[in-house]
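**Q** Got a predicted structure plus its sequence, pasted below:
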Amino acid sequence: MPVTISSKPTLGVPLRPLRRSRTDCILGGVCAGIAIRLGLRERTIRIAFSVSAFVFGLGLLLYVASWIFMTRSGEDQSIGQRISHQHRDTRIVLLAVIVALGLLLAVHSFALQRVGSFAWAILFSFVAVLAVWRGASQDERVHLQALLNAAPVVGTASARGWKAIALRIIPGVILIVVGLRIMNKIGGIWGAAVPALIGAMVLIVGALIILAPWWLQTVRDLSSERRERVRIEERASMVAHIHDSVLQTLTLIERAAGSEVDVVRLARAQERELRQWLFDPNFDSDSSKAPESFAALLGTIERDVESDYGVKVELVVVGDCSADEGVRALAAAGREAAINAAKWSGASMVSIFGEVEPATISLFVRDTGSGFDLASVASDRQGIALSIRQRMSQYGGKTSIHSMIGAGTEIQLKMPRSVAHP
Amino acid sequence: MNQPRVFLVDDHELIRSGIRTELSGSVEIVGEADQVDAAIEMILERSPDVVLLDVHMPNGGGLAVLKAVTQTPCPVRFLALSVSDAAEDVIAIIRAGARGYVTKNILGPDLTDAIYRIAAGDVVFSPRLAGFVLDAFASTGESAPLMELVDVELDQLTPRERQVLRLIARGYTYKDIATELSISSKTVESHVSSVLRKLQLSNRHQLTNWASERHLS
């Protein structure tokens, strides 16, 4: 269940749960999240992280670790969880960790005690940022993209025009020259490895800045190719669905052209199915499974009454809740009422209105048909009314029936919710 | 009352001809369009009383037509007509200024009735629309996806308005509602109109947008 946290910390009041903030974030929203959890000022936490970053790069490591393992507010999985579920991503991150370890061991064997801990922290942070990028949700990725575009130099990579090109090439060339100068110092007081490593890094960054547009272009091409493929797959599944259901039904309608009732029934059933498929992404076509929510239960009533009795059902549901015993009893009583109306009232339409409120669930089944006199109903209809009443009273629900001869009938069902919902 | 002058906007020829047949004789159809641009131009040129507007069309759909026409002083009323049941689409078109919403499987006489009521300045809420609106204004929504669309603090429905909406959702006609609540049909009308107004201006952002658009035009 995704949890959303408040956007500002309440000073002195620690608030659970621990989530990364999405409203107040410079990078990943870690600091603001921790501030809210501890009830401290965001700035305090930010300064704490910045200062501790200079202690062997500790703050840096802590930050990226929190970025990966803290869930973002409003999302149900952390980046770490998402990556561990995606085999491809797991492999990429593992590979990056191995490369980083190899690099560190190589550096370490040159006995670079002084830069050592920082090198560790920075390298692992790079790996972590890679992981963040791979595991970020679509929403967070948009945020990261904006961060990248706002960053100096990198942001100009996708821009065109002389100014952008100059902005990119001048720092790039400067970095390459500086890198070469550093590498020239090999053999000085620093020994061989430090200038070599730092020089190479500076050189690479310079080259990257100059080459960034082409690199970004390839990345974009790849992703647009992927999008294209997804689109084709979606189309294929849609064609399959339309073939399986719509075309089949149209054939049936052609065959049943003589019978108005059948045509209407087929058209309605197909309309409902298509609509559900188009507008309800969570719809599961497996009808053997018992529906899990109040709205879904009412949906099956609509479907069954329409197809069994050829009466139009106008279903309106406000709110929804999961189905427990009481809800099922309520739906069963509503089904009785709807069938009753479809069978006896003579009306061409039955209205069903369900509303879920914090304390109660109401269900109204109404027709504008013949109506009946409650005092003098035939015994068989009395029986049905009783079965509705019994179903309802068993779980503490209330039934009231209003009917007027010539004006129609409305059955009102109210069921208290078993657990009080806030 | 004279027959209202009606303009049809729908990109499906089949639907248009069906509606034309159903309405022939009871209203005056002054034109049809199957594209957004053509629709805007012709509506402004002929200024009909009521535009029957399809929600889903290429190039922006009914929403684009609505927005373009409501920016002009042309006094046209819109009735949205759609097969779509996506609440967002319906609420969006109502917020943009449509005076009512009915589904395309509405029966001929009901459609005529709805057109006459729109032409007379009334508001047409179908049971489904009433349900969507109740959902949008649900203050207790643990899972109300429309909450963002409506600023609940600024404009809350009154208990009476809620009552009226519930009765519409239960399938009551305005006349039934008037009887049920022992009020006049005109009062029912005014409740529904007030719900519509709250819906159209219920978001601060929307309000400023609305204001600045007015200011610019």
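**A** Perfect, thanks for sending it. A quick note: this is a predicted structure, and the numbers were derived from the prediction, not measured.
**Q** So which other helices or strands are in contact with the helix or strand hosting A:Lys414?
**A** For A:Lys414, the host element (DSSP states H and E) is strand A:408-416. On a contact count with 3 or more CB pairs under 8 Å, 6 or more residues apart in numbering or on different chains; DSSP states H and E, strand A:408-416 meets helix A:325-340, strand A:360-367, helix A:379-394, strand A:398-404. Heads up, the C-betas are built off the backbone N, CA and C, glycines and all.
**Q** can I assume A:Glu42 is in contact with A:Pro9?
**A** Yes. Taking contacts as CB atoms under 8 Å, A:Glu42 lies within contact range of A:Pro9: 6.6 Å.
**Q** and the nearest residue to A:Ile411 once chain neighbours are set aside, how many residues sit next to it?
**A** Counting by CB to CB, 6 or more residues apart in numbering or on different chains, A:Ile411 lies nearest to A:Ala337, which is 4.2 Å off, once chain neighbours are set aside. Other residues within reach of A:Ala337, judged by other CB atoms under 10 Å in any protein chain shown, total 28.
**Q** show me the contacts for A:Ala337.
**A** A:365, A:388, A:411, A:413 (CB atoms under 8 Å, 6 or more residues apart in numbering or on different chains).
**Q** Could you provide those in TSV, with additional columns for neighbour count?
**A** Below are the contacts of A:Ala337 laid out as TSV (neighbours: other CB atoms under 10 Å in any protein chain shown):
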residue	neighbour count
A:Val365	31
A:Ile388	23
A:Ile411	24
A:Leu413	26
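**Q** Using TSV, lay out those residues together with pLDDT and distance to A:Asp89.
**A** What follows is the contacts of A:Ala337, written out as TSV (pLDDT from 0 to 100; distance: CB to CB, whole Å):
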residue	pLDDT	distance to A:Asp89
A:Val365	92	51
A:Ile388	84	54
A:Ile411	90	54
A:Leu413	92	50
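**Q** Quick check, pLDDT for the residue nearest the centre of chain A.
**A** Centroid check for chain A by CA atoms, centre = their mean gives A:Glu75 as the closest residue, at 7.1 Å. Confidence at A:Glu75, expressed as pLDDT, is 81.
**Q** What of A:Ser362?
**A** Note on A:Ser362: pLDDT of 92.
**Q** circling back: so A:Glu42 and A:Pro9 - more neighbours on which side?
**A** Neighbours of A:Glu42 and A:Pro9, each counted by other CB under 10 Å, are more numerous for A:Pro9; the result is 25 against 20.
**Q** residue contacts, the more buried one?
**A** A:15, A:32, A:35-36, A:38-42.
**Q** Need the phi and psi values for it.
**A** Here is the backbone geometry of A:Pro9 (degrees, to the nearest 10): phi -70, psi 140.
**Q** can you check B:Arg5 too?
**A** Phi and psi for B:Arg5, reported as degrees, to the nearest 10, are phi -90, psi 120.
**Q** Could I get the contacting residues of it?
**A** Residues counted as contacts of B:Arg5 (CB under 8 Å, 6+ apart) are B:27-30, B:46, B:48-50.
**Q** So what pairs up with B:Phe78 in the strands?
**A** The partner list for B:Phe78 in beta bridges (DSSP bridges) reads B:Val51.
**Q** Pretty sure it sits against B:Asp49.
**A** No. Between B:Phe78 and B:Asp49 there is no contact under CB under 8 Å: 10.7 Å.
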